[in-house]
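In: what follows is a predicted structure for the sequence shown.
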Amino acid sequence: MKKRILTGDRPTGKMHIGHLIGSLRNRVKLQYEYDQFVMVANVQALTDNFHNPEKVKESIGDLLCDYYAVGIDYDVTTVFIQSEVPQIHEIFIYLANFATVQQLSHNPTIKTELAQKGFEKSTPLGFYIYPIHQAADICCVKADLVPVGRDQAPMVEDCRELARKFNQTYGVSVLHEAQALFGASRNLPGIDGNAKMGKSLNNAIYLADTTEELRKKVFMIKTDPNRIRATDPGTVEGNTIFIYHDTFNENTAEVEDLKERYRRGTIGDVEVKQKLYDAMERQLGPIRERRREAEGKKAELLERVIENNNRVRAIAQEVVDQMKDAMKIRFS
Ligand code: ATP
Ligand code: MG
């Protein structure tokens, strides 16, 4: 039997190039080797968008088009919708006994996100517990591998620990300890220089952006703030524009030359940005084309996904039954 992958995205907007390098490329690469499940995390999206259900609903179509555009093959990857698999919530409540409030309060990703969302003083419980709910997502198909961005590392670690504790407590091997698979060594920063590009952070280059939008955003990217003139020596390390070059410009000789001249102060920002735009357009152009094609098939893609929910429900119900057996609470 093929090993399983579970990943997902929150339907909170269109997908960006951080997703592409953090997670999407790995999914496309691994989908034929593994039995891959991709979850549209609409319940999780509501935890910080509960006042805006329309946005969450509308964004599902965007995700489906983005998946198609990057090469997710709907014939081999099982894309499904979280809210259609209520077994996940049941798994969640059983796992919750094995998490502590203290552990959640120390989760570095949660801490950052609470600050970003202004939730420090009044934290929705639903948001606070999302790492455990995410562990339930991973457990519902007994995933072996989870391709995610670096920001999700603590979540996958929590999930492994929960699965281990559950199994140890009841002397069973019901839950798998999933491995994280990171697409890049760090999160892709936003065009504003923020450590993470995010859908909700207004600092993203989207897969759906037109070539004009791409160009405009590349020219907005924050560079070395201490470099005022083209003749000033600049810093390359940690400079967003060069992180993007390293990530998207496959012409490494060109990148080395640009870095060298930047350090010496013999190049203007315009040339560095123009070359980045050219390199990114080479990669994003074909994705944009396929995305346009997907827009015409949105309804068809959604129908596919709705059918898949049956398969996932059946798999997840087996996990629920095994967990209930272990906990001696199964009577039918
Ligand atoms: P939101 O701001 O609504 O949380 P997001 O941009 O963080 O949106 P998610 O749907 O939360 O996107 O994340 C989906 C996947 O993409 C996760 O695996 C996450 O780790 C990865 N990811 C998100 N942003 C980045 C980034 N900047 N670099 C690399 N991977 C990323
Ligand atoms: Mg996120």
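Out: Structure's in. What do you need? Worth saying up front: this structure is predicted, and the values here are computed from it rather than measured. Numbering: from 1, shown residues only. Ligands and ions are numbered 1, 2, ... in the order given.
In: verify the stated contact: Pro108 with Pro154.
Out: Yes. Applying C-beta atoms under 8 Å, one finds Pro108 in contact with Pro154, separated by 5.9 Å. (Each C-beta comes from the backbone N, C-alpha and C, glycine too.)
In: those two - which one has more neighbours?
Out: Just comparing Pro108 and Pro154: by other C-beta atoms under 10 Å the higher neighbour count belongs to Pro154, 18 against 10.
In: other SSEs contacting the helix or strand that contains the more buried one?
Out: Using DSSP states H and E, Pro154 sits within helix 153-170. The helices and strands touching helix 153-170, judged by 3 or more C-beta pairs under 8 Å, 6 or more residues apart in numbering; DSSP states H and E, are helix 87-95, helix 108-117, helix 130-140, strand 145-148, strand 179-182, helix 298-327.
In: mind redoing it with 6 Å?
Out: Helices and strands touching helix 153-170, by 3 or more C-beta pairs under 6 Å, 6 or more residues apart in numbering; DSSP states H and E, are helix 130-140.
In: and the helix it packs on, what does it pack onto?
Out: helix 87-95, helix 153-170.
In: Throw these into JSON lines and include distance to Lys324 and mean pLDDT, thanks.
Out: Output for the helices and strands packed on helix 130-140, formatted as JSON lines (distance: least, C-beta to C-beta, whole Å; pLDDT from 0 to 100):
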{"stretch": "helix 87-95", "distance to Lys324": "8", "mean pLDDT": "98"}
{"stretch": "helix 153-170", "distance to Lys324": "11", "mean pLDDT": "97"}
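In: leaving out sequence neighbours, find the closest residue to the closest residue to ligand 1 within the stretch 51-200 of the chain.
Out: Using C-beta to the nearest ligand atom, Gly149 is the residue of the stretch 51-200 of the chain that sits closest to ligand 1, at 2.4 Å. Excluding the flanking residues, the one nearest Gly149 by C-beta to C-beta, 6 or more residues apart in numbering is Gly22, at 3.2 Å.
In: how near is the one you found to ligand 1?
Out: 2 Å (C-beta to the nearest ligand atom, to the nearest Å).
In: I'd say that residue and Gly183 touch.
Out: Yes. Gly22 is in contact with Gly183 according to C-beta atoms under 6 Å; the separation is 4.8 Å.
In: so these two - more neighbours on which side?
Out: Taking other C-beta under 10 Å, Gly22 and Gly183 do not tie; Gly22 has more neighbours (24 against 20).
In: you'd agree Arg10 is up against Thr47?
Out: No. Between Arg10 and Thr47 there is no contact under C-beta under 6 Å: 8.9 Å.
In: so these two - more neighbours on which side?
Out: Arg10 (23 against 18).
In: which residues touch the more buried one?
Out: Contact partners of Arg10, counting by C-beta atoms under 6 Å, 6 or more residues apart in numbering, are 41, 44-45.
In: quick check: nearest residue in space to Ile267, chain neighbours excluded?
Out: Arg261 (3.9 Å).
In: and that neighbour, which helix or strand is it part of?
Out: Assigned by DSSP H and E, Arg261 falls in helix 252-264.
In: which helices and strands does that helix pack with?
Out: Using 3+ C-beta pairs under 6 Å, 6+ apart, helix 252-264 is in contact with no helix or strand.
In: report the buried residues of that helix.
Out: 255, 258-259, 261-262 (16 or more other C-beta atoms under 10 Å).
In: try stretch 130-143
Out: So stretch 130-143, judged by 16+ other C-beta under 10 Å, has buried residues 130-143.
In: ditto for stretch 187-196
Out: Buried residues in stretch 187-196, counted by 16+ other C-beta under 10 Å: 187-191, 193-194, 196.
In: farthest pair within these?
Out: Spanning the widest gap among the buried residues of stretch 187-196 are Asn187 and Ile191, at 13.5 Å by C-beta to C-beta.
In: surely Val156 meets Gln179?
Out: No. Counting by C-beta under 6 Å, Val156 stays clear of Gln179, with 7.7 Å between them.
In: which of these two has more neighbours?
Out: Neighbours were counted for Val156 and for Gln179 using other C-beta under 10 Å; Val156 has more, 23 against 13.
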